[in-house]
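Engineer: A structural model of the following input is requested.
(2 chains)
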Amino acid sequence: MKFYDSLDKKKKNLNLNNNKITIYVCGVTTSDYSHLGHAFSSMVFEVLHKYLEYKKIKVTRIQNFTDVDDKIIDKAKKEKLTMHQVSEKYINAFIQDMDKLRIKRADFYPRATDEISNIIDFIKKLEIKGFTYNLDGSVYFKVNNKEDYGKLSRRDLNNIVQGTRVEIEEKKQHPGDFALWKKSKEDEPFWDSPWGRGRPGWHIECSSMVMSNFGNSVDIHGGGLDLLFPHHENEIAQSEAISGVRFAKFWMHNGLLKISGDKMSKSTGNLIRLRDALKIHSPNSLRLWMLSSHYRNPIIYDRENILAQSKALRRLREATLISNMGKSHSGFSINKYREIFEKYMEDDLNTPKALSVLFDLSREINKLSTLGNDILGPQRLLKELAMILGLNLNEDQERENEDIDEAYIDDLINKRNKFRKNKLFKEADETREQLKKMGIEIRDSQEGTVWKKIN
RNA sequence: GGCGACGUAGCCAAGUGGUUUAAGGCGGGGGUCUGCAAAACCUCUAUUCGGCGGUUCGAAUCCGCCCGUCGCCUCCA
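Structural biologist: Below is the predicted model of the structure:
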């Protein structure tokens, strides 16, 4: 099983201890509703999780909530709520929205505010080792004391600031130094610490959570590519400054989601909320769309593309819905498809290729069915493999059949079939048109007439 | 200015030295089936991988230059 490691810049073999694996994924700052980029990132590592589990590997996946930060504090002031209330609201929304997308939940969702005492201990250790300095009640990490700083993002400390738009805090010893502990201003939430009242800096919570849950090193550390610098670079610096060992065996970064060529991000307001996307797209179509490009590549939001995926989805679903009338066995090897699927998944999570196996399998099922073969096994395999990718091939069918007067539809279908029996085709076609106007498409087959809702 | 990614058919998107004279999906053409449809199946739809050079017996795949798009260097999945 090979995955691309952003630090070593190559695909590496995943070696396991006792068939166990630990995964830490950087979660969201709880200052707003989650957007599609969050969904994409969460889904990538969820699919990884599910695949490993399918391979009988014991996975522990943690995804954090950053529930203390400037934006949350601002929002709380504006809405006259406490920081905690704001966070609570968006944490609940996150869970709700991700559930709807059928993202299997992580094992734990630790919050920064529950981690404070560990964080303080962490900073104390860094202090003892001489990696920090105090500046007006805030504590900073000395980037110059970490000789390999910049190894993840290939950055050189000497020109790390040149040409940037960063306003350099003149007091910092080095422009790259970052806050471990921020002194709190008046009317801001705070925690007592050896350095006075304040709150943790952004990067420290992830290091602390990894270490308090997994020890000095985690197997896979994931997140969006936008976190590579400075967030993950800083995590490495502070963690390895303490432990002296490699912080994450694998750094996995998903590509960023874009809207008409530009990154989806909070700063520009250029984003689509997951809950809004779910109003016009089914979970399956959204997932199929996200899975149809490789996780490390950027993906551009485009309604037409997602719509195309929902049509593709039908192909898969139809193949699982064919009644199994066949008796004979074709000598068809389902293991071949399973093996190819696994081969692609284990090659750095190549979901586009893995999906192609599902489509090939669907075609095979249709062919076998026409030839009168037993298709139960292949159908089960199709559903099983799709489920690893979070595609529920029964779900949309059920969903589409909601809110429909089935008895009325059955009446019309019976009526049409009587017309057909009596060769009154004109009347039969009119009835079919009537159904179509209601959004119902029908299909005649040997087993009778079946119908489904169309969009 | 520094670091990095990408550019493959009408569209989306894999492939990163020979097994690929390039997966899969959407769209489109033709056919089979059907009273007609739908679905399904068969078949066609890039002799070619941004451009130009180079390395090699052999390149979409490696190297160089150029053009274009984007990301990070600021909170960000």
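Engineer: for RNA strand B, what are the nearby residues on the stretch 301-450 of chain A?
Structural biologist: A:302, A:304-305, A:308-309, A:311-312, A:314-315, A:318, A:348, A:350, A:352-353, A:355-356, A:359-360, A:362-363, A:366-367, A:370, A:420, A:425, A:428-429, A:432, A:441-445 (CB under 7 Å from any atom of the strand). All C-beta atoms are positioned from the backbone trio N, CA, C, and that covers glycine.
Engineer: among these, which ones are buried?
Structural biologist: Buried by 16 or more other CB atoms under 10 Å: A:Gln309, A:Ala312, A:Glu318, A:Asp348, A:Leu355, A:Ser362, A:Asn366, A:Arg420, A:Ala428, A:Arg432, A:Ile442, out of these.
Engineer: possible to save those residues as JSON lines with secondary structure?
Structural biologist: Output for these, formatted as JSON lines (DSSP: H, G, I helix; E, B strand; the rest coil):
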{"residue": "A:Gln309", "secondary structure": "helix"}
{"residue": "A:Ala312", "secondary structure": "helix"}
{"residue": "A:Glu318", "secondary structure": "helix"}
{"residue": "A:Asp348", "secondary structure": "coil"}
{"residue": "A:Leu355", "secondary structure": "helix"}
{"residue": "A:Ser362", "secondary structure": "helix"}
{"residue": "A:Asn366", "secondary structure": "helix"}
{"residue": "A:Arg420", "secondary structure": "helix"}
{"residue": "A:Ala428", "secondary structure": "helix"}
{"residue": "A:Arg432", "secondary structure": "helix"}
{"residue": "A:Ile442", "secondary structure": "strand"}
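Engineer: of those residues, closest to A:Val139?
Structural biologist: A:Asp348 (38.5 Å; CB to CB).
Engineer: leaving out the residues flanking it, which one is nearest to that closest one?
Structural biologist: Sequence neighbours aside, A:Tyr4 is the residue nearest to A:Asp348 in space, at 4.9 Å (criterion: CB to CB, 6 or more residues apart in numbering).
Engineer: quick one, strands of the stretch 1-150 of chain A?
Structural biologist: Remark: strands assigned in the stretch 1-150 of chain A by DSSP state E, counting those that start in this stretch are A:2-5, A:10-13, A:20-29, A:58-66, A:132-135, A:138-141.
Engineer: what's the closest of the ones you listed to A:Arg246?
Structural biologist: Of the strands of the stretch 1-150 of chain A, the one closest to A:Arg246 (CB to CB) turns out to be strand A:2-5, at 10.7 Å.
Engineer: show the average pLDDT along that closest one.
Structural biologist: Strand A:2-5 shows a mean pLDDT of 95.
Engineer: kindly report the same for stretch A:143-155.
Structural biologist: Stretch A:143-155 comes out at a mean pLDDT of 92.
Engineer: buried residues, that stretch. List them.
Structural biologist: Under the neighbour-count rule (16+ other CB under 10 Å), stretch A:143-155 has A:Val143, A:Asn145, A:Lys146, A:Tyr149, A:Gly150, A:Leu152 buried.
Engineer: does RNA strand B have contacts with it?
Structural biologist: Yes - under the criterion of CB under 7 Å from any atom of the strand, RNA strand B is reached by stretch A:143-155 at A:Ser153, A:Arg154, A:Arg155.
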